[in-house]
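Student: The following block contains a protein sequence and its predicted model.
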Amino acid sequence: MSTTTLIRDDVKLNLLDSGSGFPVVFQHGLGGDEAQVAGNFPDGPAYRRLTLECRAQGMSEPGNARPFSISMFAADILAACDARGINRFVAGGISMGAAIALHLAVYHPERIVGLVLARPAWLFDPAPTNMRPFSEVAAVLKTASSDMAREDFAESATARDLALVAPDNLASLLKFFDRSDPAITSDLLGGIANDGPNVARHQAAAINIPALVIGHEIDYVHPIAYARELASLIPGAKFVEIAPKATQKPLHVAQFRHALDTFLQHILASEEHPS
């Protein structure tokens, strides 16, 4: 695996490039990094996987442009592909990464040959209800030290509800208070939670490439109903339900990798050996 730096505007962005063959650009979720993708992507060098750590995440710098947005991150990814001489690729991602991939498939269809939406957190409206916990974390980080903000959020009704219905989501949210940059973290969470893929329903219905949608239960931030709706709307999309991350993580990872591997084998075989 190679790691390179992409300069965009006033930021240095971290780009990971591994494996060989037809390129698959696969993106992490909000607050995630390359390691999150590596943990869910099929093992081995059979696929060329590229992951750009988005601004203010992983080893990438935040820069000064605000607000952070899905379209900003998508533009960074296209610039990274251009810099590597990559014209066409499979686009996919987890949560926020799925929103970025959907945005790319709609606005740059000539470059996307396959689409993977894993645990989507958005349909078509910005700032959906399921993203409000991120907005709440962003708000408390603006008004208190990280330790006090963590206590305030942990005692909130939202945290108590998540502990009951989606403990994995709560654990992920609490990790944001461990970051060393609370002001930037607040900007990041607030910006993305209030954003969306900027894709309309009729645009998603016009997608004309193979698509895979992955979802599971026990996940407030990523409602399985969103995954089912996207799969039913995108023509020919395949929906795969996997084990919940909150209660069966090893099985969740194994089923995630199997679903993705099966989809990519089919897509890439047709790209590398067109009939």
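Tutor: That came in fine, so what should we check first?

Student: I'd like to know the average pLDDT value across the helix or strand containing Leu52.
Tutor: Secondary structure assigned from DSSP states H and E places Leu52 in strand 48-53. Averaged over strand 48-53, pLDDT sits at 97.

Student: ok, now stretch 266-275?
Tutor: In the prediction, stretch 266-275 has an average pLDDT of 75.

Student: Stretch 108-121 too?
Tutor: Rounded to a whole number, the mean pLDDT of stretch 108-121 is 98.

Student: Next, the buried residues of it.
Tutor: Of all the residues in stretch 108-121, those buried under the rule 16 or more other CB atoms under 10 Å are 111-121. Placement of C-beta: from N, CA and C, glycine included.

Student: cool, stretch 185-201 as well?
Tutor: By neighbour count, with 16+ other CB under 10 Å as the criterion, the buried positions of stretch 185-201 are 185-199.

Student: Just the ones of these in helices?
Tutor: Filtering these for membership in helices, criterion DSSP state H, returns 185-193.

Student: Of those residues, just say which sits nearest to Val137.
Tutor: Leu189 (5.5 Å; CB to CB).

Student: Mind splitting the chain into its structural domains?
Tutor: The record's domain split for the chain, according to the TED database, is 2-126+195-272, 127-194.

Student: quick one: the strands in the stretch 51-200 of the chain?
Tutor: 89-94, 112-118 (DSSP state E, counting those that start in this stretch).

Student: Save the ones you listed as TSV, and put in distance to Asn208 too.
Tutor: Supplementary listing: the strands of the stretch 51-200 of the chain in TSV, determined by distance: least, CB to CB, whole Å:
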stretch	distance to Asn208
strand 89-94	14
strand 112-118	10
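
Student: Out of those, flag the one nearest Leu50.
Tutor: Within the strands of the stretch 51-200 of the chain, the stretch nearest Leu50 is strand 89-94; the backing value is 7.6 Å (CB to CB).
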